[in-house]
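K.L.:
With the input below, show me the fold.
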Amino acid sequence: MHPCVVVWLENQDYLSSTFIRDPQNFSIEYGSGSCVGTLGIDVLKISDLSYSTQKFGLASRIADIFGYQPIDGILGLGWPSLAVDNVIPPMQNLLSQLDKPLFTVWMANTNTSGNYPIPSAGQIIFGSTNTPKCDPNFAYVPLTSKSYWQFSLDNFWIGTSGHTKPQQAISDTGTSFLGGPLIQIGMIVSATHAVMDFQNGIYVVDCEAKNLPDMIFTIGGQKYHVPAKEYVLDVGLNNTKCALTIFDMDMGGFGPDWIFGATFIRTYCNVYDIGGGRIGFSKSKSTL
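P.N.:
Purely as a prediction, here's the structure:
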């Protein structure tokens with residue numbers, strides 16, 4: 001959830017009448033990929049929310065990984081402390097217009113068809129937690145850092161293996177998989193009997209594998225189960241193998257231990273409470 005708004009713009013003829021160019025250059029390094037360009041100012045409008053002078057990044061060069069995706073830009077939802085060039089993030093500019101200083105994210109289960117690509121969907125509710133797609137009873141924990149949406153993870157288990165010491169995790173809607181420390185990812189691989197598909201750089205299991213154990217994360221004393229239907233995904237490998245939606249990462253002692261991407265958010269709605277400096281989770285009630 002990078003806190004900068006970045007828009008890819010190739011044709012100067014499509015500039016809006018309210019656009020103001022800022023000659024200041026910017027550069028952003030993401031977890032994968034990067035972009036450079038100049039800053040700009042224009043009207044930010046999301047449904048009936050509007051802010052007249054939102055500053056954002058106008059990319060002139062992007063990494064190949066972004067060019068392969070059918071997107072026009074990135075709407076960052078992180079905290080101001082991460083913002084490049086002290087740009088005020090969109091949510092901070094819109095807070096006064098919200099009923100509550102928060103937003104709620106729901107993501108659909110993507111294993112709804114045997115065909116690939118599978119249509120996926122989600123929903124962001126600005127200023128409310130009221131949605132029929134989420135259990136109304138959210139459990140909250142305080143943030144341990146107002147940079148990423150970072151919080152403390154009590155412990156992790158899968159099958160008979162686990163890690164019982166506290167670690168740091170972040171919720172990130174911009175990450176498709178679930179990232180974790182090498183040792184814990186190894187526990188998941190072992191418990192599911194996954195193997196590495198070196199050609200695609202992912203762990204795989206048989207799509208028809210049965211009785212795979214839940215991943216169990218304890219956060220704020222409450223257990224959150226992520227079942228196999230959320231972490232085993234058909235990504236169109238054109239064989240009988242499905243992806244294990246995990247990856248290992250080594251922050252070298254810096255940054256979070258875990259990244260809770262779509263793998264976790266599909267199972268649990270996330271409420272990002274800016275005003276309360278906390279994050280909340282509740283069971284997702286529906287899929288498309």
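K.L.:
Low-confidence bits of the protein, can you list those?
P.N.:
1-14, 31-32, 65-70, 110-120, 251-254, 286-288 (pLDDT under 70).
K.L.:
ok, which stretches of it are helices?
P.N.:
For the chain, applying DSSP state H gives helices covering 64-67, 90-94, 182-192, 228-231, 262-265.
K.L.:
okay, these in a markdown table with mean neighbour count and distance to Val204 next?
P.N.:
Using the backbone N, CA and C atoms, a C-beta is placed for each residue, glycine as well. As requested, the helices of the chain are arranged in a markdown table below (neighbours: other CB atoms under 10 Å; distance: least, CB to CB, whole Å):
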| stretch | mean neighbour count | distance to Val204 |
| --- | --- | --- |
| helix 64-67 | 12 | 21 |
| helix 90-94 | 19 | 37 |
| helix 182-192 | 17 | 10 |
| helix 228-231 | 20 | 12 |
| helix 262-265 | 24 | 15 |
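K.L.:
need those helices in JSON lines with distance to Arg278, can you?
P.N.:
Listed next are the helices of the chain as JSON lines, based on distance: least, CB to CB, whole Å:
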{"stretch": "helix 64-67", "distance to Arg278": "31"}
{"stretch": "helix 90-94", "distance to Arg278": "15"}
{"stretch": "helix 182-192", "distance to Arg278": "25"}
{"stretch": "helix 228-231", "distance to Arg278": "24"}
{"stretch": "helix 262-265", "distance to Arg278": "17"}
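K.L.:
wait, what's in contact with the spatially closest residue to Val204 that is not a sequence neighbour?
P.N.:
In space, Val204 comes closest to Lys241 once its chain neighbours are excluded; the distance is 4.1 Å by CB to CB, 6 or more residues apart in numbering. By CB atoms under 8 Å, 6 or more residues apart in numbering, the contact list for Lys241 reads Asp197, Val204, Val205, Asp206, Cys207.
K.L.:
Narrow these to those in strands?
P.N.:
Asp197, Val204, Val205, Asp206 (DSSP state E).
K.L.:
Quick one: buried ones out of these?
P.N.:
Among the ones in strands among the contacts of Lys241, the ones that count as buried by 16 or more other CB atoms under 10 Å are Val204, Val205.
K.L.:
For Phe151, state which of the ones in strands among the contacts of Lys241 is nearest.
P.N.:
Using CB to CB, Val205 comes nearest to Phe151 of those, at 29.1 Å.
K.L.:
Surely the closest one and Thr245 touch.
P.N.:
No. If you go by CB atoms under 8 Å, Val205 and Thr245 don't touch, sitting 10.9 Å apart.
K.L.:
Residues that sit against both of the two, list them.
P.N.:
By CB under 8 Å, 6+ apart, Val205 and Thr245 have these common neighbours: Val232.
K.L.:
Centroid-nearest residue for the chain?
P.N.:
Note on the chain: the residue nearest the mean C-alpha position is Thr173, at 1.8 Å, using CA atoms, centre = their mean.
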